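> how would this look folded up:
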Amino acid sequence: MQKQRLTIAFILALVAAAIAILILMPLNLGLDLKGGARLTLQVQPTAEFPDVTTENLADVKRVLENRVNGLGVAEPIIQTVNPDKIVVQLPGVSNPEQAEKVLQGTAQLEFKSQKRGTETELIPQLNLRDLAEAELEALRSENASPEDIAAAQEQVDLANQALAELFESTDLTGQYLRDARAGTIGTSDRWQVNIVFDGEGGNKFAELTKSVAGTGRGLGIFLDDVLISAPTVSIEYAETGITGGRAQITGNFTLQEANGLAIQLRGGALPFPVEIVENRTVGATLGRDSVNRSVVAGLSGLALVLVYMVVYYRLPGAIADLALIIYALLTLGCYALVGVTLTLPGIAGFILSIGMAVDANVLIFERTREELRAGKTLYRSVESGFYRAFSSILDSNVTTLIACAALFWLGSGLVKGFALTLAIGVLVSMFTALTCSRTFMLAIVLGMPGVRQKPELFCPNLRTQA
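Below is the predicted model:
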């Protein structure tokens with residue numbers, strides 16, 4: 001009996017820990033429950049690669065995953081859809097336009113040196129571009145005609161092209177970056193992007209800054225062939241250049257723009273251009289309705305299972321009900337601890353798993369009844385019931401776990417999530433059936449002499465059949 005008391009104390013400790021985890025670490029809700037953004041991106045072929053292959057899709061997906069991780073979105077879902085599309089689901093994203101900019105930009109970063117003899121041309125060209133961009137922004141805010149906006153955009157493109165012609169390419173590109181973070185400029189509220197090169201990139205940056213230091217020519221920082229900053233390097237760096245492998249990208253950024261650029265640079269450059277073909281927002285109202293209906297369905301299904309077990313199996317059924325409640329708490333606690341994202345299909349799967357979790361109990365109780373009908377004592381019948389049912393329970397659950405491992409290893413996205421949640425449910429179900437139910441039944445049989453005198457509580461009509 002002492003062993004049962006210790007086991008019950010351990011079970012209660014697990015239940016308390018699960019409740020604490022659920023309070024401190026609420027479950028992550030998926031896109032269909034929490035709301036957010038769902039973007040469909042189409043990979044565009046290039047002159048060098050006219051056909052987009054599955055390998056190309058995988059390369060683009062890898063960069064997008066890095067960028068989405070930088071956004072800080074909890075449990076995003078990124079899936080490839082043949083032949084050339086990638087679907088990105090961002091639960092809880094309140095600014096899908098910003099996410100679209102971060103995901104769509106190719107982020108080809110390059111440092112260029114200004115050509116000799118163009119020192120007096122840079123400032124006028126920058127002013128012309130500023131005027132063209134201001135006019136374009138004004139037309140957009142006034143909801144001008146598409147033709148006028150297109151004409152203004154063409155002027156901006158021409159200004160950017162004229163600026164690019166003032167600079168010559170170098171071999172210092174974004175591939176040498178090790179880190180990029182948004183930061184403020186001094187004590188002001190203006191933002192910049194602080195970048196860190198690797199060892200080779202730091203040496204190249206030192207050589208580049210050395211070549212333009214004190215000459216009056218600018219160091220052009222280009223993103224996707226557009227000049228975003230052209231700082232000059234003072235004469236003090238003429239001998240060694242700027243060493244240490246650190247630099248700043250300035251360009252009148254807002255906090256969101258600086259963060260977005262830093263995420264793009266950290267995630268790497270997209271190997272192919274992508275186009276947003278769909279940007280759909282899922283509202284939170286739909287999520288609340290789904291959650292409410294799912295909770296009602298879950299509670300209703302759980303209540304029906306609990307009532308059926310008590311009616312059919314009597315006292316063991318009540319014990320199974322207690323184990324089932326413990327199963328639900330422990331499973332949800334594991335979901336929160338592992339970081340499982342709960343979607344509407346996930347809730348349906350959890351409700352289904354509640355009904356499936358009693359399978360092991362049913363096997364055990366039927367074996368116990370067979371032992372009682374064979375004339376064994378109540379204690380021996382309970383022990384034999386668990387012993388005889390164990391091999392069947394183990395075999396069925398191990399085969400399910402093997403299938404889960406295959407799905408998790410070979411699948412991706414939602415398939416991996418389903419495999420993980422199913423495996424958690426199977427393991428917790430085995431624990432509650434073989435530990436919780438067994439401990440509670442033995443504790444009642446050993447600790448309550450009155451129950452031992454009433455085996456019919458475990459097997460109705462036992463005396464009649466004997």
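> which stretches of this protein form strands?
In the chain, the strands defined using DSSP state E lie at 28-29, 36-43, 77-81, 85-91, 109-114, 167-168, 177-184, 191-197, 219-223, 226-229, 246-253, 274-282, 341-342.
> Please name every helix or strand in contact with the lengthiest helix in the chain.
Criterion DSSP state H: the longest helix present in the chain is helix 378-410. Under the contact criterion of 3 or more C-beta pairs under 8 Å, 6 or more residues apart in numbering; DSSP states H and E, helix 378-410 touches helix 359-373, helix 414-431, helix 438-447, helix 449-452. The C-beta positions use only the backbone N, C-alpha and C, and glycine is treated the same way.
> what do you get if the cut-off is 7 Å, keeping everything else the same?
With contacts defined as 3 or more C-beta pairs under 7 Å, 6 or more residues apart in numbering; DSSP states H and E, the secondary structure elements packing on helix 378-410 are helix 359-373, helix 414-431, helix 438-447.
> Those helices into JSON lines, with extra columns for mean neighbour count, distance to N279 and mean pLDDT?
JSON lines is the format used below for the helices and strands packed on helix 378-410 (neighbours: other C-beta atoms under 10 Å; distance: least, C-beta to C-beta, whole Å; pLDDT from 0 to 100):
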{"stretch": "helix 359-373", "mean neighbour count": "21", "distance to N279": "44", "mean pLDDT": "83"}
{"stretch": "helix 414-431", "mean neighbour count": "20", "distance to N279": "21", "mean pLDDT": "80"}
{"stretch": "helix 438-447", "mean neighbour count": "19", "distance to N279": "53", "mean pLDDT": "81"}
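> of all those, which lies closest to T7?
Across the helices and strands packed on helix 378-410, T7 has its closest neighbour in helix 438-447 (4.5 Å, C-beta to C-beta).
> Please save the CA atoms from stretch 20-33 in PDB.
Taking Å, rounded to 0.1, in the frame of the first residue of the first chain, the C-alpha atoms of stretch 20-33 are listed here in PDB:
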ATOM      1  CA  ALA A  20       1.200  25.400 -13.500                       C
ATOM      2  CA  ILE A  21       2.600  25.100 -17.000                       C
ATOM      3  CA  LEU A  22      -0.700  25.800 -18.600                       C
ATOM      4  CA  ILE A  23      -1.100  28.900 -16.500                       C
ATOM      5  CA  LEU A  24       2.400  30.200 -17.000                       C
ATOM      6  CA  MET A  25       2.800  29.000 -20.600                       C
ATOM      7  CA  PRO A  26      -0.500  29.400 -22.500                       C
ATOM      8  CA  LEU A  27      -1.000  27.200 -25.500                       C
ATOM      9  CA  ASN A  28       0.100  28.600 -28.900                       C
ATOM     10  CA  LEU A  29      -2.800  29.100 -31.200                       C
ATOM     11  CA  GLY A  30      -2.600  28.600 -34.900                       C
ATOM     12  CA  LEU A  31      -3.600  30.900 -37.700                       C
ATOM     13  CA  ASP A  32      -7.200  29.700 -37.800                       C
ATOM     14  CA  LEU A  33      -7.700  30.300 -34.100                       C
END
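> To what extent is the closest residue to E207 other than its chain neighbours buried, counted in neighbours?
Distance criterion C-beta to C-beta, 6 or more residues apart in numbering; nearest residue to E207, sequence neighbours excluded, is G241 at 6.0 Å. Around G241 there are 19 other residues, counting by other C-beta atoms under 10 Å.
> Over to the one 4 residues further on?
A count of neighbours around G245, defined by other C-beta under 10 Å, yields 20.
> before we move on, back to that, export the strands of the chain to a markdown table and tack on mean neighbour count?
Compiled in a markdown table, these are given as follows (neighbours: other C-beta atoms under 10 Å):
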| stretch | mean neighbour count |
| --- | --- |
| strand 28-29 | 22 |
| strand 36-43 | 22 |
| strand 77-81 | 17 |
| strand 85-91 | 22 |
| strand 109-114 | 22 |
| strand 167-168 | 18 |
| strand 177-184 | 16 |
| strand 191-197 | 21 |
| strand 219-223 | 23 |
| strand 226-229 | 19 |
| strand 246-253 | 17 |
| strand 274-282 | 15 |
| strand 341-342 | 24 |
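> Turn the ones you listed into a markdown table, columns for distance to L401 and mean pLDDT.
Putting the strands of the chain into a markdown table (distance: least, C-beta to C-beta, whole Å; pLDDT from 0 to 100) gives the following:
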| stretch | distance to L401 | mean pLDDT |
| --- | --- | --- |
| strand 28-29 | 24 | 74 |
| strand 36-43 | 32 | 84 |
| strand 77-81 | 24 | 81 |
| strand 85-91 | 28 | 84 |
| strand 109-114 | 46 | 89 |
| strand 167-168 | 60 | 93 |
| strand 177-184 | 40 | 86 |
| strand 191-197 | 44 | 88 |
| strand 219-223 | 48 | 87 |
| strand 226-229 | 52 | 86 |
| strand 246-253 | 50 | 80 |
| strand 274-282 | 33 | 80 |
| strand 341-342 | 21 | 74 |
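> With D130 as the reference, name the closest of those.
D130 lies closest to strand 246-253 among the strands of the chain, at 9.9 Å (C-beta to C-beta).
> The longest helix of the chain relative to helix 414-431, how many degrees between them?
Interaxial angle, helix 378-410 versus helix 414-431 (axes from the mean of the first three to the mean of the last three C-alpha atoms, to 10 degrees): 170 degrees.
> what is the mean pLDDT for helix 378-410?
Computed over helix 378-410, the mean pLDDT rounds to 84.
> buried residues in it?
The neighbour-count check on helix 378-410 (16 or more other C-beta atoms under 10 Å) flags 378, 381-386, 388-390, 393, 397, 400-401, 404, 407-408 as buried.
> now the strands of the chain as TSV including distance to T7?
Formatted as TSV, the strands of the chain follow (distance: least, C-beta to C-beta, whole Å):
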stretch	distance to T7
strand 28-29	32
strand 36-43	43
strand 77-81	40
strand 85-91	39
strand 109-114	60
strand 167-168	74
strand 177-184	51
strand 191-197	54
strand 219-223	62
strand 226-229	65
strand 246-253	59
strand 274-282	45
strand 341-342	30
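> Minimum distance to G301: which of those strands has it?
Closest to G301 of these is strand 341-342 (C-beta to C-beta; 16.4 Å).
> List the neighbouring strands of the closest one plus their orientation.
The sheet places strand 341-342 alongside strand 28-29 (parallel), with pairing taken from DSSP bridges.
> Domain parsing of the protein, as residue ranges.
2-27+284-465, 36-106+270-282, 107-254 (automatic domain parsing).
> hang on, isn't Q44 packed against P273?
Yes. Contact criterion C-beta atoms under 7 Å: Q44 and P273 qualify, at 4.5 Å.
> and those two? which has more neighbours close in?
The residue with more neighbours, out of Q44 and P273, is P273; 16 against 13, by other C-beta under 10 Å.
> Which pLDDT value goes with that one?
As predicted, P273 sits at a pLDDT of 79.
> among the strands of the chain, which is nearest L265?
Here strand 177-184 is closest among the strands of the chain (C-beta to C-beta), at 3.9 Å.
> for the closest one, packing partners?
Using 3+ C-beta pairs under 7 Å, 6+ apart as the contact test, the elements touching strand 177-184 are strand 191-197, helix 255-267.
> That concludes my questions; thank you for your assistance.
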